[in-house]
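Asker: sequence and computational prediction follow.
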Amino acid sequence: MRATTILAVLRDGLLAMAGDGQVTFGDSIFKHKARKVRTLYDGKVLAGFAGAVADALTLFERFESQLQQYSGDLRRSAVELAKQWRTDRYLRPLEAELIVGDPGQLLLITGQGEVIEPDEGILAIGSGSVYALAAAQALLRHTNMDAEHITLEAMKIAAELCIYTNDNITIETIRAEN
């Protein structure tokens, strides 16, 4: 997926997810301040997308209905969405990737039917994902920064390196309930 960067970091019961604001159309920058990260399920789940906007919004809607059906069970909802996405004739051609998470887990959902949980509590998708992921891994391993600060700093680094990522960064956070 080109033209965006989404990064999620989970540390000490705090989930932070960020997306850049750039939207490209061909070789041109079309928009600078898009919101690619959303809160779902009454603010208990975060979701971010890379790919076609209309496709991602359709998937967000389907995922949120799964969350409602399965009482907020993130993993079960993600698996059900992935199954639908892979088998439904309408959903199958959708071009997007999703990161979804709550303060206990992070998941990547793809149209190939994959639901993947990362080893270190960091996920990134989009054109700047490798830069954001590498920066976040280094900060997670070698600093005491919280998830929100790691996410912001890693996204700034990605914006410096990836031409499809800008520094109009939106961050959403959710903290685990005590």
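Answerer: Received the coordinates, thanks. Residues are numbered from 1 along each chain as shown.
Asker: all strands for the chain, in order.
Answerer: Ranges of strands within the chain are 5-11, 14-19, 23-25, 28-31, 37-40, 45-51, 96-102, 105-110, 115-116, 122-126, 170-175, based on DSSP state E.
Asker: could you list every residue that touches residue 97?
Answerer: Residues near residue 97 by C-beta atoms under 8 Å, 6 or more residues apart in numbering: 1, 49-51, 108-111, 125-126. To be clear about C-beta, it is placed using only N, CA and C from the backbone, and glycine gets the same treatment.
Asker: the bottom helix or strand of the protein by mean pLDDT?
Answerer: strand 23-25 (a mean of 79; mean pLDDT, DSSP states H and E).
Asker: buried stuff in that one?
Answerer: Using 16 or more other C-beta atoms under 10 Å as the test for burial, strand 23-25 gives 23-24.
Asker: same check on stretch 10-17?
Answerer: 10-11, 14-17.
Asker: got the end-to-end distance for stretch 136-153?
Answerer: End-to-end distance for stretch 136-153, by C-alpha to C-alpha, to the nearest Å: 8 Å.
Asker: which residues does it contact?
Answerer: 7-12, 14-18, 120-122, 124, 135, 154, 169, 171, 173.
Asker: neighbours of residue 72, how many?
Answerer: 16 (other C-beta atoms under 10 Å).
Asker: quick one: residues contacting it.
Answerer: Applying C-beta under 8 Å, 6+ apart, the residues near residue 72 are 41, 44-45, 102.
Asker: got it, and residue 67?
Answerer: 40-41, 45, 73-74, 77.
Asker: same thing but at 7 Å, please
Answerer: 40-41, 45, 77 (C-beta atoms under 7 Å, 6 or more residues apart in numbering).
Asker: which of those tops the neighbour count?
Answerer: Neighbour counts for the contacts of residue 67 peak at residue 77, which has 27 neighbours (criterion: other C-beta under 10 Å).
Asker: which residue packs closest to it, ignoring adjacent ones?
Answerer: residue 66 (3.8 Å; C-beta to C-beta, 6 or more residues apart in numbering).
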